[in-house]
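Got a predicted structure here, sequence first:
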Amino acid sequence: MKNCIGFKFSVLILLIAMVACSSEVAWQTTEDGVFEYQRYINDANLPTLEYGDSVSLHCILKHQNKELFNSYQQTELLQIFIPSRMHRNKIEDLLTFVAEGDSLVAKVRYKEVKHELEAFGKGVNMEDEIEIHYKIVKVKTKAEIKADQETRYALKKGFESREEMLEERAYVLEKTKWIEDTLGHYQNDFKIIISKSSILDEVKAYTVQKSGGEQAKQGQKASIYYVLMLVENGKVLDNAYNRADRLEFRIGQDSTIIKGLHQAILTLSKGDKGTFLIPPTLAYGEEGSLPVVPSNAWLMAYVELVELRN
């Protein structure tokens, strides 16, 4: 009984507020002439909803003073994501007139919104008027949604915070061109090594910058940045620095990663950076990976071991 009284009271307050304001707020018409509406502004300094925003709201649909739908009868708020102008419907477009805390009343002929409100339109004639009552409770902007997504992704990747991940991204994006240039400078040296080498089943470490961190071990989850290039012509096959995204895999266990990278990482400690020469037997072999990687291709790699986890 108490819940019922509380529900009726909340709806009554919303309707009273709208009626009380109706004499003060002028009716307006949307540019396409579809809706007449009144907007009751809570805070004039807040921006109206736009593409990419998410909104939590209550909605009441009325036809001839009869409720077709009332979200106050539900336990949770309605959640609507605002699509781009090209993809949003008329009801979603109407929400771009309001901001957080606002209320809005709109009138529209049913035929104009039949597609959007068909589930509630039983017994409603095409020319009948529908009233839409919105109460905007909470808005999450596109920027806030992106920040939340980045935070979840950062924690999943082993960062302590989104800010730490963004700092690292800025660092690696700045570093990517230097790494490609450095490997290019080593290309002739690698060609000489290949011409004299008879060992085809080992990765050769050319340079390693030591950090003194934990030594990598089989079965650990490694997070790395890397660049792979063909020794033959210097073509870049992959550059994780360009994507500003760590590659994660279990050392010695992930068959989607070429064996040469597994072997290279096992020579490194956390925080180390190294350049390596990878023979075809530990890369793409005799078959290659056409049309990008030819048969029996030697690879040069720059690897940065960022994180180790068990």
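That came through fine.

Not counting the helix or strand residue 137 falls within itself, show me its contacts.
Mapping residue 137 onto the secondary structure by DSSP states H and E places it in strand 129-140. Taking CB atoms under 8 Å, 6 or more residues apart in numbering as the criterion, the residues outside strand 129-140 that touch it are 14-15, 18, 49, 53-63, 68, 77, 91, 94-95, 98-110, 113, 117, 124, 148. Where C-beta positions appear, they are placed from N, C-alpha and C, glycine not excepted.

out of those, which are buried?
The neighbour-count criterion (16 or more other CB atoms under 10 Å) marks 14, 18, 49, 53-55, 57-63, 68, 77, 91, 94-95, 98-100, 102-108, 110, 113, 117, 124 among the contacts of strand 129-140 as buried.

Tell me the strands beside the strand holding residue 137, with direction?
Neighbouring strands of strand 129-140 in its sheet, by DSSP bridges, are strand 54-63 (antiparallel), strand 103-109 (antiparallel).

Please determine how far residue 122 is located from residue 240.
Using CB to CB, to the nearest Å, residue 122 is found at 56 Å from residue 240.

between these two, who's got more neighbours?
With other CB atoms under 10 Å as the criterion, residue 122 and residue 240 differ in neighbour count, and residue 240 comes out ahead with 19 against 8.

close enough to count as contact, that one and residue 246?
Yes: if you go by CB atoms under 8 Å, residue 240 and residue 246 touch, sitting 7.0 Å apart.

Could you name every residue contacting both of these two?
For the pair residue 240 and residue 246, residues contacting each of them under the criterion CB under 8 Å, 6+ apart are 224, 225.

center of this structure, which residue is that?
With the centre of the chain defined as its mean C-alpha position, the nearest residue by CA atoms, centre = their mean is residue 149, 5.5 Å away.

give me phi/psi at that one?
Per-residue torsions, residue 149: phi -60, psi -40 (degrees, to the nearest 10).

so how many other residues sit close to residue 261?
The local packing count at residue 261 equals 25, with neighbours defined by other CB under 10 Å.

Skip ahead from the helix or strand hosting it and say which helix or strand is next.
In this structure, residue 261 is located in helix 259-265 according to DSSP H and E. Next helix or strand after helix 259-265 toward the C-terminus (DSSP H and E): strand 273-278.

what's next to that next one, contact-wise?
Outside strand 273-278, the residues that touch it by CB under 8 Å, 6+ apart are 182-183, 186, 190, 193-194, 203-209, 231, 258, 260-261, 264, 267-268, 298-305.

change it to 6 Å
Residues from elsewhere that reach strand 273-278, judged by CB atoms under 6 Å, 6 or more residues apart in numbering: 190, 203-209, 260, 264, 299-304.

How about stretch 40-47?
Contacting residues not belonging to stretch 40-47 are listed as 21, 99, 100, 101, 102, 103 [CB under 6 Å, 6+ apart].

repeat for stretch 87-102
Applying CB under 6 Å, 6+ apart, the set of residues contacting stretch 87-102 from outside is 39, 41-43, 46, 48-49, 104, 106, 113, 116, 136, 139.

With pLDDT as added columns, please give these in TSV.
Converted to TSV, the contacts of stretch 87-102 look like this (pLDDT from 0 to 100):
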residue	pLDDT
39	96
41	95
42	95
43	95
46	94
48	95
49	95
104	96
106	97
113	94
116	92
136	97
139	96
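
list the contacts for the closest residue to residue 27 other than its chain neighbours?
Of all residues beyond its chain neighbours, the one nearest residue 27 is residue 36 (5.2 Å), with distances taken as CB to CB, 6 or more residues apart in numbering. Contacts for residue 36 were tallied using CB under 6 Å, 6+ apart; they are 27, 29, 107.

Strands of this structure, residue ranges please.
28-29, 36-40, 54-63, 66-70, 78-81, 103-109, 129-140, 204-209, 221-230, 236-239, 247-250, 273-278, 299-309 (DSSP state E).
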